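1. sequence-free structure coming up:
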């Protein structure tokens, strides 16, 4: 059999996690380098995946399939379409930067060692790698159950990352801070767990239905289900399909997060350190939107179309709502969190507009949002750690003392407000066009967000960076070499993807086409042709 | 040849990249690199122009397809250029004036430690502006459109340590974004209507689309134009934009960027021609802005703000013309070019004055400077004559044509528009004379040294020691030469263009042209214009030339005071938009916490309460446990029997 | 099984044959060997107590129990390998004991659990030395009054209650028969056989003896009460069917039995059957701690010595659910439509109340008690799906759950302060800082309880819910899912406490256990992960073992 | 007379026993009430044995007695230790653990 590339891609970070965790207490730095090494190795393999993937070829490529839990109709089954490949690559690209940015985040905890084997640093990096492994495999899975398992399991390491290694630059005292942290972590976990458990019911339902219709044993294999539905073996009753769809969608909507299920995100992002917050929004949450695109639409096309109007409304609300709240925030990280909520609204909007521009844009948006958020939030993190506070009011005139930091921060912000030439613009515009061409009203309202985005980004920049240097900001040093190594490539990537996104879109487009054919949707035709033919008819009469 | 188009954009882009990424090590050579690359792209432009002149009128359009930008489904946006006469005109204006202003800035920014960054931004602006005028499709145009917005943001806020500058920059960007929103929606409508947004196919099919659609597109494009070109109701940012260094005001907020709106309307002429309603809207916006700017210009004591007002009003002229359709397009562009010369010249002059008056901008503290800075005086004067439309100079040719065309629109509309344009000419004469006189004539009001109470008029952040008196002096050559060149342009350009209407012939293939049948003859228009002009000048002279000008501004009439405050537009925005917005966001923040989040926390709390209550049942007494068991048994038995019963 | 099974007693009662021709009952010793081995070991244990000097007893007892249990497990495996779990499964001892898949599977589980439990029973490193002697968690002398002079003497003399091992073995033997019992008499007797030792074990804690005795009293009184109810139910069933053998009753219920006038008379109305049936079910629900028969659980779990609690929580549930399954699937399948709705109600109440009440618990052992109640509810969901899938899912869940529970309670024994085990949650604050390893293991168990994927808890939960859903009990699944969300909340709370809150000064320390407890915990953890990651083998096992003999 | 009456009697006894468990405080008496319930069961068994004309019920009764005896042994042991450590046999004193 062929070399199990996908398995290896997921296994490398998993092994790395174990290895890192095993590093003895004294060797903090060694652990860091080891972890970084493994993340880079993952990047190499992810690159190989992308290289071996042939756009426009088979729908799922590099497939692997082994029996796993026959009783549950579960197979260990991997395979990637264009979108999955790109997202795996995204995760693999971002994690090393996350590690570099968080290089010293766990050191604080290392100070007082309550016990012999107290190794926060090892734990921190091991958990990051663990998250990466689980995210990667959930992108690669083509078996609903396999996906679900890791979709759920990744909550645990993420939970420890948020609650255990949280931000110590909060507005309140350490004690209060600890409370806030664990509240945020628990909130994150319970929200997502609740979503996941509802989904579990739906997953079980799916099994029951398939088992009932395919005779005896049910299946979770995505290709098999699609094939069975195509051949008419499998015909879900519309009620069953809708209920199961809702179960799935709920979980993904929590993860994504979609308004009004979003309230865990600001807490989590506010309390987690910037790198962890990046890991959360830029990498982990993408699983939610990805899953909408892959599972909701492909498994339940009819139900998706049935629910689309409501979902569109919710996501439009989310877009505007998130942006408005971002304007109203006093806390830098919470501001960025609400900005992300607005952007997730765009992604979901694009997915359920069900046009090739919308979905292609949404898929591209996942990548771009990942990169841009990483750039902006990481720089914000550097700023916060320097000042020891994340309240906007505590900053001012930083640009005078740390021009480089200010500049990169501005670039990140400009990417967030989707300035042409930077990556997010392309995807955002695609989503808007795609939405507009089917639901003009939604498209227009969503477009309001570009003004609001400009507002919150520039206001944040003005308050923190411009004007006379504020007391307490004199000491802020400009970016260090390590931090430049983090930021520069991200910015380069932003510009590249903004100017020449074709390599990515070429990967994505075939997958989008397949998905659209699953839901039996075609792009609305331009109206002139229609009007022309109409005129022709007129003249014919 | 057509590959040069890419290089045309590429050169300044390269400059921007090098200067911004280069870091401090380029500080010493940075500004020259900037100038060089600007000059290079001007040279390229000139070469292309020569090449274009060599070709027959029919095949003068060059196209060059670089690469496919965003291909998704039916959605194809390419990075592709189209260089026709219209674009060419802009290319020459942008790169020409741009290069001059680069050179000027070398002197003007000599003492700024961030000069390298400044030139980087200038180059970035050139690149973006060229992209805007060279794009062959609306999306690429939009990219350039926002690009110039960014450049203007960066340059207005160049002195970030000044809160006023930072605020002005932010304001400019956000107000522009409102316009951009219109433009982007317009693109969406175009895509859904035509399945493409490249110029050629869209214009080819334009007529086949429903009029309603075209009107919508037209209005949305107009919204975009209003944002970029500071037309009512989105004009409020331009005045504040004067916080930026003067060369920026000259290049971006006078000569080039602010005229992008006019370019957009002219470029989309086909659409507008098919949508009369939209066209009328353009005219109205133009006319209103024309008056608005002029009135504001009369009241400002800050020389740059006065000039900004005039810019606004001049662009109003262009918009008005562009709104007139084929009658006006050519003259809109022609006025745009001449205006580019003399307004840039005026701003540079103003800059030179401020340079000599250690950055004093209040004209009431000038006076009698003509002796101290003769070259500035002469060039500024020529620019002045040009803008008020003194016979023979550039402004005369272009503006009169617009006024004439306005009348030529015919019907009552024609009369109204024409009248407004004519009146505008008079006011222009008035406020420009005012500026001229207050600055260069009369007795000098800049001694003794500025008292503390004048601090507000001094730009904050720049400390003024009572003791260092302004010692007016002529600016260095590197600054004066560009001024001279521009002055020459503002004297002769208009004339050259009008020699057997060369300009009309030049642009006609792109924009189309038709002589409207004017109810009034050219002679009559000219005469009328000259009359109002004379009146305006005379009034101004009477007010400021003969009588001494008070150093502190008199309270003035209600209109004056309103005009000083940009006719209360900012106050309106503040009350309605800013305050309202703040309240909205604040209440939303509260709701998010109490309602959306509260619901969840509430559920958790209620579960906890239920749990606490159920706990009480577990009271530790064996006998009560036994009761629950026996009770349970009874219930179970009963239930089972019931199941059988039903 | 075709034909009517003659139980020992009916043949004897048959007036047709004179007394001298009573056939000697036929006992298949080989097939009963597992139980017999354990009984033998137990008796041996008693002898050890009687004959060996004090010093030698501990080792001897431990040896006897371990060997006995291991041998029993070997015997079970041998039987299963011999096909008694599937093809050759039949009813031994003149219809008293069934030897079939479920029986063997559950017996295997119970024996393994007991083996691990025996290790925790024997742990002697955790308590500080008393008069230079190592002591375990059992009272020096059960009879001695706490704090009395007599107790002092016993302690000084270095007494230890090594009787716990024979007690354990007797209980195990009873539990092994319980799910295999094929007539009501065996059911009742075995119930008492495993209950009585447990009552005693509960009373034998070394620390907190008052609590321990209180738990024993409560357990005993309520247990006796429940067995009385069970017995009355049995009486009524017997009255209805005229026989106490499962098969016989089933036949009568389904109407395939040979009609006698008496039978015709008693079966005339089903009240006897329904009341009797539900009372028997109540007796079993008490043992599985289903609402509203759960109230003894928290008190007993808290008071009993933690090793005993672990054993009870794990093994009793297995045995009782086994018996419940057999009763509902073999005796009362004919009444499915009567008991199913009722069981629905019980299951829902159990899931919800168990989860909700646990939210506000402050004692680890009580918390685990309530969680065990909630889990009983989940398992009931599987029981309700009357299908082979349902049986196998329940079997799997029981195996998975019992090891998680054992492990969890074993960890609880480690966290100690001056007063013995520190079971109050507030004392656990910051445990993750002090000893990350122990905290991590406990966290794994908690996550398994919460049903997080990749743990055995998830596989089990999925199995039962899947079975329930396929049997059309979708609402049950949804309630289950929601209540497991609630349950998740308090498991998470403990994790938060251990990892994210500052350790309090003078907080408990984690004792370094002997290999015994280490083995126990490791076994729990390994099973948890293995059954979580690669459950297929065990699912197969349970699937093969899911057919009851009749 | 009609054996059914014995059944009524046994039911009555069972109820009395149950009531006793609920209402009496003294552990010994509570326990005795349980024994009473067991005996009620025995009565039922014997009656049914008579009804069905087979011996199962009677045999069962014997077993019950044995079991009951065993229960007494264990139960009394527990209750006695309990009593000795608290000098009270009231089951209501056994309420240290609650909630």
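-> Everything's here; your move. All values derive from a computational prediction rather than experimental measurement.

2. show me which residues of chain D sit near chain B.
-> Within chain D, the positions adjacent to chain B are D:18, D:21-23, D:25, D:30, D:91-92, D:94-99 by C-beta under 8 Å from any C-beta of the partner chain. The way it works is simple: take the backbone N, C-alpha and C, and place the C-beta from them, glycine included.

3. repeat that for 6 Å
-> Taking C-beta under 6 Å from any C-beta of the partner chain as the contact definition, chain D meets chain B at D:18, D:21, D:22, D:91, D:92, D:95, D:97, D:98, D:99.

4. tell me which helix or strand comes right after the helix or strand where residue B:538 lies.
-> With elements delineated by DSSP states H and E, residue B:538 resides in helix B:522-540, which encompasses its position. Beyond helix B:522-540 in the direction of the C-terminus, DSSP H and E gives the next helix or strand as helix B:558-564.

5. residues in contact with the helix holding residue B:538?
-> Helix B:522-540 has contacts (C-beta atoms under 6 Å, 6 or more residues apart in numbering or on different chains) with B:388, B:400, B:403, B:404, B:422, B:425, B:426, B:429, B:430, B:433, B:434.

6. apart from its chain neighbours, what residue comes closest to residue B:236?
-> Once flanking residues are discounted, residue B:236 sits nearest to residue B:569: 5.0 Å by C-beta to C-beta, 6 or more residues apart in numbering or on different chains.

7. so which of the residues of chain D next to chain B are also by chain C?
-> Here is what survives when those are matched to chain C using C-beta under 6 Å from any C-beta: D:21, D:97.

8. just the closest of the residues of chain D next to chain B to chain C, please.
-> Sorting those by distance to chain C puts residue D:97 at the head of the list, at 4.4 Å, by C-beta to the nearest C-beta.

9. which residues does the closest residue to that closest one other than its chain neighbours contact?
-> Counting by C-beta to C-beta, 6+ apart, residue C:299 is the residue found nearest to residue D:97 once chain neighbours are left out, at 4.4 Å. With contacts defined as C-beta under 6 Å, 6+ apart, the neighbours of residue C:299 are C:215, C:218, D:97.

10. how about the helix holding residue B:538: buried residues?
-> Under the neighbour-count criterion of 16 or more other C-beta atoms under 10 Å in any protein chain shown, helix B:522-540 has B:525, B:526, B:528, B:529, B:530, B:532, B:533, B:536, B:537, B:539, B:540 buried.

11. show me the shaky parts of the chain.
-> You didn't pick a chain, so chain A it is. For chain A, residues meeting the criterion pLDDT under 70 lie at A:1, A:110-117, A:169-173, A:528-541.

12. chain D was what I was after
-> Answering for chain D: the residues below the bar, that is pLDDT under 70, span D:1.

13. can you name the residue of it nearest chain A?
-> Closest residue of chain D to chain A, C-beta to the nearest C-beta: residue D:99 (23.6 Å).

14. my read is that that residue contacts residue B:614, right?
-> No: counting by C-beta atoms under 6 Å, residue D:99 does not reach residue B:614; the two are 10.1 Å apart.

15. now do the longest helix seen in chain D: which elements does it pack against?
-> With secondary structure taken from DSSP state H, chain D has its longest helix at helix D:56-86. Contact here means 3 or more C-beta pairs under 6 Å, 6 or more residues apart in numbering or on different chains; DSSP states H and E; on that basis helix D:56-86 packs against helix C:184-202, helix C:209-241, helix D:27-52.

16. any idea how far that helix is from the chain center?
-> Counting by C-alpha atoms, centre = their mean, to the nearest Å, helix D:56-86 is centred 9 Å from the centre of its parent chain.

17. how near is the residue nearest the centre of chain C to chain A?
-> The central residue of chain C, meaning the one whose C-alpha is nearest the mean C-alpha position (C-alpha atoms, centre = their mean), is residue C:316 at 1.6 Å. Relative to chain A, residue C:316 is positioned 27 Å away (C-beta to the nearest C-beta, to the nearest Å).

18. look up how far residue C:199 lies from that residue.
-> Using C-beta to C-beta, to the nearest Å, one obtains 12 Å as the distance from residue C:316 to residue C:199.

19. what's the answer for residue C:438, then?
-> Where residue C:199 is concerned, residue C:438 sits at a distance of 31 Å (C-beta to C-beta).

20. more neighbours: which of those two?
-> Here residue C:438 and residue C:199 are compared on neighbour count by other C-beta atoms under 10 Å in any protein chain shown; more neighbours surround residue C:199, at 26 against 19.

21. list the residues that contact the more buried one.
-> By C-beta under 6 Å, 6+ apart, the contact list for residue C:199 reads C:216, C:219, C:220, D:74.

22. skipping its backbone neighbours, what lies nearest the first one in space?
-> In space, and not counting its chain neighbours, residue C:216 is closest to residue C:203: 3.5 Å by C-beta to C-beta, 6+ apart.

23. enumerate every residue touching that neighbour.
-> Contact analysis of residue C:203 by C-beta under 6 Å, 6+ apart lists C:212, C:213, C:216, D:78.

24. for chain D, what is the nearest residue in chain B?
-> With distances taken as C-beta to the nearest C-beta, chain B approaches chain D most closely at residue B:620, which sits 3.0 Å away.

25. run a quick neighbour tally on that residue.
-> Using other C-beta under 10 Å, residue B:620 is surrounded by 18 other residues.

26. a helix runs through it, doesn't it?
-> No: secondary structure of residue B:620 (DSSP: H, G, I helix; E, B strand; the rest coil): coil, not part of a helix.

27. what sits against it?
-> When the contact criterion is C-beta under 6 Å, 6+ apart, the partners of residue B:620 are D:95, D:97, D:98.

28. picking that back up, from the middle of its chain, how far away would the helix holding residue B:538 be?
-> Between the mean C-alpha point of helix B:522-540 and the mean C-alpha point of its chain there is a distance of 29 Å (C-alpha atoms, centre = their mean).

29. what do you get for stretch B:236-245?
-> For stretch B:236-245, the separation from the chain centroid amounts to 10 Å (computed by C-alpha atoms, centre = their mean).

30. who's in contact with the residue nearest to residue B:519 when sequence neighbours are not counted?
-> Computed as C-beta to C-beta, 6+ apart, the closest residue to residue B:519 that is not its neighbour in sequence is residue B:407, at 6.0 Å. For residue B:407, the contacting residues are B:414, B:418, B:518, B:520, by C-beta under 6 Å, 6+ apart.

31. among these, who's most crowded?
-> Scoring the contacts of residue B:407 on neighbours with other C-beta under 10 Å, the highest-scoring entry is residue B:418 at 26 neighbours.
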